[in-house]
Each structure stands twice: as structure tokens, then as C-alpha cells.
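Colleague: here is the input, now give the coordinates:
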Amino acid sequence: MSCDPKYRENLIDLAKKVLTIEAKSVDNLKDRINENFLRAVEIIHSSKGRVVVTGMGKSGLVGRKIAATLASTGTPSFFMHPAEASHGDLGMVTEDDVVIAISNSGETDELVRLIPFLKYFNVKLIAITGNPDSTLAKQADVVLDISVEEEACPFGFIPTASTTATLAMGDALAVCLILRNGFKKEDFAFFHPGGSLGRRMLTKVKDLMQTGEALPICSPDTIMLDAVLEISSKRLGVVVVVDRERKVLGIITDGDVRRGVQRWGKEFFELKALDIMTKNPKTIGEEELAASALSMMQRYSITSLIVPGIDGTLRGIIHIHDILKKGIF
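Modeller: As a prediction, the model looks like this:
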């Protein structure tokens, strides 16, 4: 597909202009991060209820994203369509909630009609608007000004820069609430168990480690020929040397085998595991995160970690392939 070179150049220039205008609209918000913004954060932080985000049209679409971001970062929140609110959905709002109403003009009929209800039940109202002198702004407890010098569209009125500014202000609010609420990365993972981050943060070593008959083990008196056969049959690249109580004494890796053959030749296979094993092998607890296991493997350039019990007995082995097959890294 191709177009006239001059037309193509005009399109590129227009696209760059759009990005410039929208970037400027966001950059201008920095001067409006003031006491009003901090008050909005405190109102939400101290609320015993939820954050109810509402808005019509494009403002509503942005509002849905803001509500989703708040909810996923520890601030209970949902989106309420303002038109549906006037037909029964207002029953979802309680006096403990905080309402964030989004309207660039601040005069959206569906939002203005909600104000008497919110005032009657003394519900805190935060207005995100491009018109600080509007009806919505004058009735709000806090106003977050997202006005822009111009929209990015050629006609000057299609919501573009204004919706970008609204989205950015919502993100600023949500991120500051993360800090104010003491929300942690582990909390985020808890709310995202189905996502890669959630699986990464919640998957533990015990969920992935090899156990039982899959474990390659041998005694310290085992000759290396049999130890090599154990390494080969269990396909983990190692064999763990244990005593009669299954307490871990050491480990032999396939790398140890290669180096041993180079050094001793055929005699290597008559040596005992006790002579070849590495004492004090790298271990990790079964309650540790799989992410920590992978980090250790990378740090020490190894592919397996022994998982001992509290008494030092062998509980399992976690291999790098067990982690990678899970598809979370």
C-alpha cells in the first residue's frame, strides 16, 4: 500500500504534531500537582468505602481504566455509568464511598444530575475536569484541573489531548495511593494471580521442585559408574549424595563427571561418590519463591538447587527447566 509522497509527508507531520500536543498537555499537569491533588489522595486514603469512578463518553472510557488501575493497586474501586446511575445504579454508592466524576466541560448532564444525591448522602466528590468554573467543579470537594490548551485533532474539539491528560492524572493519583497505602509488589501479585507477574511472585519452590522417585540420589560409597547411571536416568544433571537418613552430604554434577573423566580416565568410574562430591552444595528452602531460585542459579551459574528439610534431609530438587517450563520468566 502506498500513497502520494506529499500526502505521506503530511501524515507523518500530523502524527508528530499530535504527539507533541498530547505530550505538552501531560507536561503542563505538573504545575497542578498541588494541595488539591494531595487532598484528593487523603480523601481516598482515609475513606472506609470504595472509589466510584463515573463519566460519559470518552471520559467514561478513561474512567474505566482509572477504576481498574485503582482496584489492581489496592484501592477498592469500580466504574459506574452515570446514565445508568439515574436509573437505579446509584444504589451501589454508600456514604462511605468517594466518587471521582470525570467531565472535560464539567457540565455533562448525566453527571450534574448525580450531584444532589451525592450531597444528600454527604458522599465525597472529586472532580476531574478541564473547566474549574463549571457546575461540577463548584460542587466538588476537590477539583483536579486537566484543562489543555488545545486538542490534538485538526478540528480542535475531538477529545484527544484532554483524555490523555485525564488518564495521566488518574495514573498519578493511583501511583501516589500505592505509596500512601503502603501497597507492595507482593500485594500487586496477589491481585494478579493469572498474570505473569502474579505467577512469578506467588509460585514457590515447593510448587515446582522434583520429589520422590524423580530424585537422583546415591550413598557416599556408591561407585561413580552407578552414580553416572543415576544422573543419566533421572535427567536432572546431578546426583545428590545422602546418608542412610537421607541427609544431604554433597552433590555431583554432570560437569564433575566430565572433569573427572578428563583427569582420571577409566579409573574415574571406580572412584566413590564421596571422593568426587562437592560438600555444602547450594540449597534453597521450599517456601522460597521460584524467582529467588532462578536468581541463585543465575548468580552461581548452576542449573539445580537442592531443597532440604529443616532437619537437613533431602526434600527435593528444583531445576532451571522446571522454572522455565512454567512460562513465568
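
Colleague: and the strand or helix carrying Val307, average pLDDT?
Modeller: When elements are assigned from DSSP states H and E, Val307 belongs to strand 304-308. Averaging pLDDT along strand 304-308 yields 96.

Colleague: give the next helix or strand downstream of that strand.
Modeller: Sequence order places strand 314-319 as the next helix or strand after strand 304-308, per DSSP H and E.

Colleague: elements contacting the strand holding Val307?
Modeller: When contacts are defined as 3 or more CB pairs under 8 Å, 6 or more residues apart in numbering; DSSP states H and E, strand 304-308 packs onto helix 205-208, strand 248-253, helix 290-300, strand 314-319. Where C-beta positions appear, they are placed from N, C-alpha and C, glycine not excepted.

Colleague: what sits up against it?
Modeller: Defining contact as CB atoms under 8 Å, 6 or more residues apart in numbering, one finds that strand 304-308 is touched by 205-206, 209, 236-238, 240, 248, 251, 253, 281-286, 293, 296-297, 314-320.

Colleague: ok, 6 Å please
Modeller: Strand 304-308 is contacted by residues 205, 209, 236, 238, 248, 281-284, 286, 293, 315-319 when judged by CB atoms under 6 Å, 6 or more residues apart in numbering.

Colleague: wait, which of the residues you listed is closest to Val257?
Modeller: Closest approach to Val257 among the contacts of strand 304-308 (CB to CB): Val238, at 10.0 Å.

Colleague: look up how far Ser59 lies from that closest one.
Modeller: Remark: distance between Val238 and Ser59 (CB to CB, to the nearest Å) = 59 Å.

Colleague: re earlier: do you know which of the helices and strands packed on strand 304-308 lies nearest His45?
Modeller: Of all the helices and strands packed on strand 304-308, helix 290-300 comes closest under CB to CB, at 30.0 Å.

Colleague: ok now that closest one, how far from the chain's centre?
Modeller: Counting by CA atoms, centre = their mean, to the nearest Å, helix 290-300 is centred 20 Å from the centre of its parent chain.

Colleague: give the contact list for Ser47.
Modeller: Ser47 makes contact with Val98, according to CB under 6 Å, 6+ apart.

Colleague: just the one 3 residues further on next, same as before
Modeller: If you count contacts by CB under 6 Å, 6+ apart, Arg50 has them with Pro76, Ser77, Asp97.

Colleague: what number of residues lie near the last one?
Modeller: It stands for Asp97. Counted by other CB atoms under 10 Å, the residues lying close to Asp97 total 21.

Colleague: surely it meets Val53?
Modeller: No. With contact defined as CB atoms under 6 Å, Asp97 does not reach Val53; the gap is 10.7 Å.

Colleague: pLDDT check: weakest of the contacts of Arg50?
Modeller: Pro76 (88).

Colleague: ok, and the closest non-adjacent residue to that one?
Modeller: Leaving aside its sequence neighbours, Pro76 sits nearest to Arg50 (CB to CB, 6 or more residues apart in numbering; 4.2 Å).

Colleague: quick check, pLDDT for the one you found.
Modeller: The model reports Arg50 with a pLDDT of 94.

Colleague: I'd like to know how far it sits from Val99.
Modeller: As judged by CB to CB, Arg50 and Val99 stand 10 Å apart.

Colleague: also Pro220?
Modeller: The gap separating Pro220 from Val99 is 70 Å, by CB to CB.

Colleague: one more: Glu9?
Modeller: According to CB to CB, Glu9 stands 47 Å off from Val99.

Colleague: so for those two, which residue has more residues nearby?
Modeller: Higher neighbour count among Glu9 and Val99: Val99, with 24 against 11, using other CB under 10 Å.

Colleague: quick one: that one is in a strand?
Modeller: Yes. Counting by DSSP: H, G, I helix; E, B strand; the rest coil, Val99 is located in a strand.

Colleague: you'd agree it is up against Leu125?
Modeller: Yes. With contact defined as CB under 6 Å, Val99 counts as touching Leu125 (5.2 Å).

Colleague: residues shared between the contacts of these two?
Modeller: Leu118.

Colleague: tell me the contacts of Thr108?
Modeller: Met56.

Colleague: per-residue confidence at it?
Modeller: 95.

Colleague: for the one 10 residues further on, same thing?
Modeller: According to the per-residue confidence, Leu118 scores 93 in pLDDT.

Colleague: element containing it, please.
Modeller: Going by DSSP H and E, Leu118 is part of helix 115-120.

Colleague: what sits up against the helix or strand just after that helix?
Modeller: Beyond helix 115-120 in the direction of the C-terminus, DSSP H and E gives the next helix or strand as strand 124-129. Applying CB under 6 Å, 6+ apart, the contact partners of strand 124-129 are 40, 43, 98-103, 106, 118, 136-137, 140-144, 146, 166.

Colleague: now go through those and say which are in helices.
Modeller: Judged by DSSP state H, the subset of the contacts of strand 124-129 located in helices is Ala40, Ile43, Leu118, Leu136, Ala137, Thr166.
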